[in-house]
Each structure stands twice: as C-alpha cells, then as structure tokens.
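Peer 1: what would the 3D arrangement of this be:
(chains A, B, C and D, ligands or ions: 4)
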Number of protein chains: 2
Amino acid sequence: MESEELRNVGLKVTSPRLKILSLLENAKAKHMTAETIYRQLGESGEVIGLATVYRALAQFEAAGLITRHQFEGGQTVFELERGPHHDHIVCVRCGRVEEFYDKVIEDRQREIAENLGFTLSDHALTLYGECSGGTCPAKNG
Amino acid sequence: MESEELRNVGLKVTSPRLKILSLLENAKAKHMTAETIYRQLGESGEVIGLATVYRALAQFEAAGLITRHQFEGGQTVFELERGPHHDHIVCVRCGRVEEFYDKVIEDRQREIAENLGFTLSDHALTLYGECSGGTCPAKNG
DNA sequence: CTTGCACATGAGAATCATTATCATGTAGCA
DNA sequence: TGCTACATGATAATGATTCTCATGTGCAAG
Ligand SMILES: [Zn+2]
Ligand SMILES: [Zn+2]
Ligand SMILES: [Zn+2]
Ligand SMILES: [Zn+2]
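Peer 2: Ligands and ions are numbered 1, 2, ... in the order given. As a prediction, the model looks like this:
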C-alpha cells in the first residue's frame, strides 16, 4: 500500500502524504497541479494546507515517486512515476495531454549530448499542436 | 538596420525598442533574461523601465523576431531568432547553454504528432547534463 | 507502553517573476 | 503642424511558490 511506498523512500508516513499519494493514484486526471490537488482534497473533506501539498510534492519528486512537468503557459503539473518514461504532447486549444515514447528520439538525445561533451542526466520534450478529439473546440471551429 | 526590422513586423520605431534589439544583437550572451537586459541597458546609461523591457520582448516574440525558452529552475530567457531552428542542452552545474539541431528528432516529432491526431505547431526540447567545459565546476570536482 | 526529538504541519507572510494600471509622452500619418 | 493611437515608466497588483515559526506527531530507543 501507500505507506510502504513512503517508507521505502525514507519518508515518514503521515496523513497528508498518504492522502496526496492516494489522490494521485485515484484521480481521473493523470497530470495535476498543486492547486488542483489541494482543492480536490479540500472538496472531499480532507483539508490539507497548501504549503504541505507543495512540500510533499517536492519530496515525492526528490524521492522519485512522481515527476514534474512545466507545459508552456500553464503551471507546473505532477504525475505518478509509474511505468516507463514518456514525453508529452499538449493541445494548445483544449489542453488535452497525451503521452508518447519514442526510442529513436531517446537514443538521438544521448548521442547528441555525447557529441557535445555532455553527460546527459535529464531532458524535457513537449510537443504542442491542435488535437482532433471530440472535446476540442478546434474541431467545430 | 534595426529600424527596418521593427517596421517590417509592424511595430513603431521607438528608442527603447531599438536599444533592446541592439543589445540582443551585440551582447556576449546569446540567451538573456528580461532582468539581465534591463540591468545591462541601465549599466550602459540607457535607462529603460523594466515593464517596457517585458512588453517589448513579448511583442518581439509575437512578431517572430525572438524566441522564448524556459529552462528548468531558471527564469525565462530570450534570444534573437536568426538562422535555423535549434534546441538546447544546458549544463546543470555551470549553466552553460549549447545549441543543436537534429533532423532525425525534428522529423520524428512530426510523425508522432500525426499518429496521435495532432497538427504540430511547436515543440520544446531541452537536454540537461554535465558539461566538460573549462569553466565548469564539474571538471575540478 | 512511555518518552524524546527530529521532523512534519498549517496559517499566513514573504518572495519573485511577470503583468496590469494610468497618467503622460511621442511616432507616424493626414 | 496636429491628431490619435499607441508607447512609456513608475508603481501597484498578481499569482505561483517558498519561507517562517509556533505547534503537533511519527517512530525508535529505552
Ligand atoms: Zn505523463
Ligand atoms: Zn484539443
Ligand atoms: Zn538558442
Ligand atoms: Zn558545465
């Protein structure tokens, strides 16, 4: 359970941390802002200080439990680090976020870094465009 | 000259705009924050309001004269849009920024977007790592 | 089962980059 | 030259995130 996860990464098991982790697992949206997490918890009766949410998220990230993404224009979003690495494509109209993984790109990144004399430690790749989903205003423009 | 550039994109030619454009062209650093631009202008006797710097940069970007990048941890940087498109690799130790262009990655991005039903309009790719440059503290442990 | 202490929490203040306001100045065209 | 829409600058406001500090608590040692 979630208590295990916290212990495994050396964090004390506390009520706010459990609630935040649990929300991240059960929420309908996979990518959430700190504000959203704070509000959703509040609405379901689990009132937690906003500062605590930010602190917990920072610790979860440092511990490798979650990742942080900064999509342009929007605020920082967090998501559970489950499954393999992936990057994102964001609809500039409706905000829909899809995930993808591309081995060709991942490999090229490593080669590029090497050629430039860098030891690659991380990367951020986000594509932006207009989607053709049913909820996208771009469809019935 | 710079006046031409401004006229060509439909912006009035004003003293602050000319000074900012000129600084971007002559500065040693290619990627600069609004603050840095503001401070460097002030130090060279060309005092301009910070708000004006931000406004001008936003207009230059909308006009396609410059591009904006948000490297993680740091603040937004701007650079002249000259020459072909490129992405960046940033040293997480010393902050050094190098540029690169990779056709394989660019092409793959377009394909990925199409496969997901998106019309690609933009992308942000930044690699992070440790460089081996002479100024990098990573070199002398 | 207690106890102690390092660490966690929450409310609110503080910070920092960026944007908005508004009174005044000016580019560019008739 | 004069008009008018737009630009400027000082400053206030905003919004996300972080800090402060008084208080509460997980948990390991006894
Ligand atoms: Zn994701
Ligand atoms: Zn869409
Ligand atoms: Zn660049
Ligand atoms: Zn370096």
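Peer 1: output the helix or strand of chain A with the lowest mean pLDDT as PDB, nothing but the C-alphas.
Peer 2: Here the helix or strand of chain A ranked lowest by mean pLDDT, DSSP states H and E is helix A:2-8, holding a mean of 92. What follows is helix A:2-8 as a C-alpha-only set of coordinates in PDB (Å, rounded to 0.1, in the frame of the first residue of the first chain):
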ATOM      1  CA  GLU A   2       1.000   3.700   0.000                       C
ATOM      2  CA  SER A   3       2.600   3.500   3.400                       C
ATOM      3  CA  GLU A   4       5.100   1.100   2.000                       C
ATOM      4  CA  GLU A   5       6.000   3.500  -0.800                       C
ATOM      5  CA  LEU A   6       6.700   6.200   1.600                       C
ATOM      6  CA  ARG A   7       8.800   4.100   3.900                       C
ATOM      7  CA  ASN A   8      10.700   2.600   1.000                       C
END
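Peer 1: how about it: buried residues?
Peer 2: A:2, A:5, A:6 (16 or more other Cβ atoms under 10 Å in any protein chain shown). All C-beta spots, glycine's among them, are computed from the backbone N, C-alpha and C.
Peer 1: which outside residues touch it?
Peer 2: A:12, A:13, A:17, A:18, A:21, A:22, A:25, A:65 (Cβ atoms under 8 Å, 6 or more residues apart in numbering or on different chains).
Peer 1: now chain A against ligand 3: closest residue?
Peer 2: Closest contact between chain A and ligand 3, by Cβ to the ion, is at residue A:116 (13.2 Å).
Peer 1: okay, that residue and residue B:33: tell me how far apart.
Peer 2: Using Cβ to Cβ, to the nearest Å, residue A:116 is found at 23 Å from residue B:33.
Peer 1: DNA strand D contacts on chain A?
Peer 2: Taking Cβ under 7 Å from any atom of the strand, the part of chain A that reaches DNA strand D is made up of A:7, A:12-15, A:33-35, A:50-51, A:54, A:58, A:75-76.
Peer 1: if we use 6 Å, what do you get?
Peer 2: Counting by Cβ under 6 Å from any atom of the strand, chain A comes close to DNA strand D at A:12, A:13, A:14, A:15, A:33, A:34, A:51, A:54, A:58, A:75, A:76.
Peer 1: I'd like the mean pLDDT over stretch A:64-76, please.
Peer 2: The pLDDT scores in stretch A:64-76 average 94.
Peer 1: what's the answer for stretch A:115-122, then?
Peer 2: Averaged across stretch A:115-122, pLDDT comes to 95.
Peer 1: in that stretch, what's buried?
Peer 2: Quick answer for stretch A:115-122 (16+ other Cβ under 10 Å): A:116, A:118, A:120.
Peer 1: for residue A:15, grab the count of nearby residues.
Peer 2: Neighbour count of residue A:15, defined by other Cβ atoms under 10 Å in any protein chain shown: 9.
Peer 1: enumerate every residue touching residue A:135.
Peer 2: Contacts of residue A:135 (Cβ under 8 Å, 6+ apart): A:94, A:96.
Peer 1: what's the first-to-last distance across stretch A:42-57?
Peer 2: 16 Å (Cα to Cα, to the nearest Å).
Peer 1: so it, near chain B or not?
Peer 2: No. Stretch A:42-57 does not reach chain B (Cβ under 8 Å from any Cβ of the partner chain); its nearest approach is 15.1 Å.
Peer 1: given the helix or strand harbouring residue A:129, what are its sheet partners and their directions?
Peer 2: Assessed by DSSP states H and E, residue A:129 sits inside strand A:118-130. On the basis of DSSP bridges, the sheet neighbours of strand A:118-130 come out as strand A:87-91 (parallel), strand B:119-131 (antiparallel).
Peer 1: so for residue A:138, what's the pLDDT?
Peer 2: Predicted confidence (pLDDT) for residue A:138: 62.
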